[in-house]
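Novice: need coordinates for the below:
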Amino acid sequence: YRIPYSLGEDYFLYRKYVDTVADSGRIAVIGDSVIWGHYTDDSGSLTAHLNVYAGTERFANIGIDGIHPAALYGLIDNYCAGITGRKVVIGINLLWMSSPKHDLSGEVNTSINHRALLTQVPGRIPAYMPSVEERLTLLARREIRIFAWIDHIRASGLADRSVYRWTMANPFAHPVKYFFHEDEIFTPPDPVHPKRMTGRDMDWVLPGDSLQWGYMLASIRKLKEQRNSVIAVITPFNQYMLTDKSRVERDWIISYIQDELAAEGITALAPALAGPEYFADLSHPVAAGYGIMAAQLAGSREFTEFIK
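Specialist: Take a look at the predicted model:
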C-alpha cells in the first residue's frame with residue numbers, strides 16, 4: 001500500500017495510515033516521489049522490492065509524491081507523532097539541491113508543492129511569499145483537526161472540492177454528482193528514453209548553504225527526538241544526464257552528506273545505478289532500478305544490521 005496519488009494532500013488520511021504502520025511494527029520508509037515510486041506501480045517501488053528480499057511485508061511505504069524537505073519536516077512534525085521508538089528509512093533526493101529554485105532559496109516560487117506543510121513564519125523560506133490570508137488559512141487547517149477531517153471527506157468521499165468551486169467548474173452538472181467520488185487510478189508516466197538523456201550543468205546549492213538540506217537534517221533530528229532509529233538512503237541522481245563537472249560536484253555533495261550524518265550517528269547509504277535504462281528522469285528510477293537499489297541495500301552490512 002501507498003497513499004494514493006490523488007490523496008497526496010489528504011493529511012488526515014496520512015496520519016491514520018502512519019499510526020497503522022507504527023502499530024504494526026513495520027519499518028517505515030519515508031521520503032518524496034522517489035520513495036513513493038512515481039514511475040512505477042505499487043509493486044515496483046523500493047519498498048515493494050525490499051519486501052521481496054525480506055520475504056515478508058516488513059517495510060511500509062509512507063512516502064508522498066511531490067514532497068520536498070521543507071514540507072517533509074512539516075509532515076513529520078505534524079503528522080508522524082505515531083512513529084516513536086521505531087526503525088525508519090529516510091530517502092534523500094539530491095534534486096532539491098540542484099538549483100536555487102528547487103532549494104527554495106532563490107526567487108519567489110508560486111508552484112511549491114505541499115504549501116500547507118511549510119512553516120508559516122514570514123521570511124523563513126525566501127521562495128515562499130504568500131499573502132497573510134493564505135498563511136493564516138493554512139495554519140488553521142493544520143492546527144484545527146476538524147478542517148483536516150473536512151478536507152479528507154471532500155477528497156475521499158465527495159468531489160474533492162468545496163461546493164462553490166465544484167459548481168463553478170461544473171455549471172451544467174446535476175448537483176447530485178457532487179456527492180459521488182470518482183477514484184482516480186494512477187498511471188505511471190513514460191520515462192525519458194535513454195537516448196534523449198543529455199548532459200547538463202547543475203546549479204548546485206552546496207549543503208552548507210542549502211535551505212532544503214537544513215530541513216532534511218531537521219527532519220532526521222526530529223525522528224531521532226522521537227526515539228527512532230534512522231538510516232538514510234541517498235537515492236541515485238542520474239549521472240547520464242550530467243556533465244563531468246556536475247557529476248564530480250554530485251559525488252562531493254554525497255560525501256559531504258555522508259560525513260555530516262555520520263557525525264550525527266546516522267549511516268547514509270548511496271546505492272548506484274549503472275545504466276541509463278534504469279533511470280526514468282534526472283532523479284527517479286524505473287521499477288528495474290528500484291530492484292537493483294533494493295539488492296544493494298539487502299547486501300549491505302550496515303543495512304542488514306540496522307533492520308535486524
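Novice: quick one: pLDDT of Gly291?
Specialist: With respect to pLDDT, Gly291 scores 98.
Novice: secondary structure class for it?
Specialist: helix (DSSP: H, G, I helix; E, B strand; the rest coil).
Novice: skipping adjacent residues, who's closest to the most centrally placed residue in the chain in space?
Specialist: Nearest to the mean C-alpha position of the chain, counting by Cα atoms, centre = their mean, stands Asp32 at 1.4 Å. Spatial nearest neighbour of Asp32, chain neighbours left out: Ile67 (4.6 Å); criterion: Cβ to Cβ, 6 or more residues apart in numbering. (Each C-beta comes from the backbone N, C-alpha and C, glycine too.)
Novice: what are the neighbouring residues in contact with the one you found?
Specialist: Ile67 makes contact with Gly31, Asp32, Ser33, Leu75, Asn113, His114, Leu117 under the criterion Cβ atoms under 8 Å, 6 or more residues apart in numbering.
Novice: the fifth one contacts Pro69, doesn't it?
Specialist: Read it as Asn113. No - taking contacts as Cβ atoms under 8 Å, Asn113 lies outside contact range of Pro69: 11.4 Å.
Novice: higher neighbour count, these two?
Specialist: Pro69 (25 against 17; other Cβ atoms under 10 Å).
Novice: residues in contact with the more buried one?
Specialist: Trp96, Gln212, Trp213, Tyr215, Met216, Ser219.
Novice: pull up the gap between it and Thr110, please.
Specialist: 19 Å (Cβ to Cβ, to the nearest Å).
Novice: confirm that Pro139 sits in a strand.
Specialist: Residue 139: Leu, not Pro. No - under three-state DSSP, Leu139 sits outside any strand and is assigned helix.
Novice: sec struct for the closest residue to it other than its chain neighbours, please.
Specialist: With sequence-adjacent residues excluded and distances taken as Cβ to Cβ, 6+ apart, Leu139 is closest to Gln120, at 4.8 Å. Of the three states, Gln120 takes coil under three-state DSSP.
Novice: just the pLDDT at Gln120, thanks.
Specialist: Predicted confidence (pLDDT) for Gln120: 88.
Novice: next one: the one 10 residues further on
Specialist: pLDDT, Pro130: 87.
Novice: surely it meets Arg115?
Specialist: Yes - using Cβ under 8 Å, Pro130 is in contact with Arg115, at 7.2 Å.
Novice: remind me which residues of this protein are low pLDDT?
Specialist: Applying pLDDT under 70 to the chain flags the ranges 152, 157-166, 178-183.
Novice: any chance you could map the helices in it?
Specialist: Assignment of helices within the chain using DSSP state H yields the ranges 11-24, 33-36, 46-54, 69-79, 100-103, 132-143, 145-157, 163-169, 211-225, 244-263, 287-298, 301-307.
Novice: okay, those in CSV with distance to Glu277 next?
Specialist: Output for the helices of the chain, formatted as CSV (distance: least, Cβ to Cβ, whole Å):
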stretch, distance to Glu277
helix 11-24, 33
helix 33-36, 17
helix 46-54, 17
helix 69-79, 29
helix 100-103, 25
helix 132-143, 41
helix 145-157, 36
helix 163-169, 41
helix 211-225, 29
helix 244-263, 18
helix 287-298, 8
helix 301-307, 25
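Novice: those: which one's closest to Arg86?
Specialist: helix 11-24 (6.1 Å; Cβ to Cβ).
Novice: tell me which other helices or strands that closest one touches.
Specialist: strand 27-30, helix 69-79, helix 145-157 (3 or more Cβ pairs under 8 Å, 6 or more residues apart in numbering; DSSP states H and E).
Novice: that helix to helix 132-143, inter-axis angle?
Specialist: 30 degrees (axes from the mean of the first three to the mean of the last three Cα atoms, to 10 degrees).
Novice: list the buried ones in helix 11-24?
Specialist: Going by neighbour count (16 or more other Cβ atoms under 10 Å), the buried part of helix 11-24 is Tyr11, Phe12, Leu13, Tyr14, Arg15, Tyr17, Val18, Val21, Ala22.
Novice: now do the same contact list for the first one.
Specialist: The neighbours of Tyr11, taking Cβ under 8 Å, 6+ apart as the test, are Leu75, Asn78, Tyr79, Ala116, Leu117, Arg142, Ala148, Asp151.
Novice: what's around the last one, how many residues?
Specialist: Residue crowding around Asp151 was assessed by other Cβ under 10 Å; the count is 19.
Novice: OK, contacts around Thr84?
Specialist: Ala22, Gln226, Arg227, Asn228.
Novice: cutoff 10 Å now
Specialist: Thr84 makes contact with Ala22, Leu223, Glu225, Gln226, Arg227, Asn228 under the criterion Cβ atoms under 10 Å, 6 or more residues apart in numbering.
Novice: how many neighbours does the nearest residue to the fifth one once chain neighbours are set aside have?
Specialist: Taking Cβ to Cβ, 6+ apart, and ignoring the residues beside it in sequence, Arg227 has Gly85 as its nearest neighbour in space, at 4.6 Å. By other Cβ under 10 Å, the residues close to Gly85 number 9.
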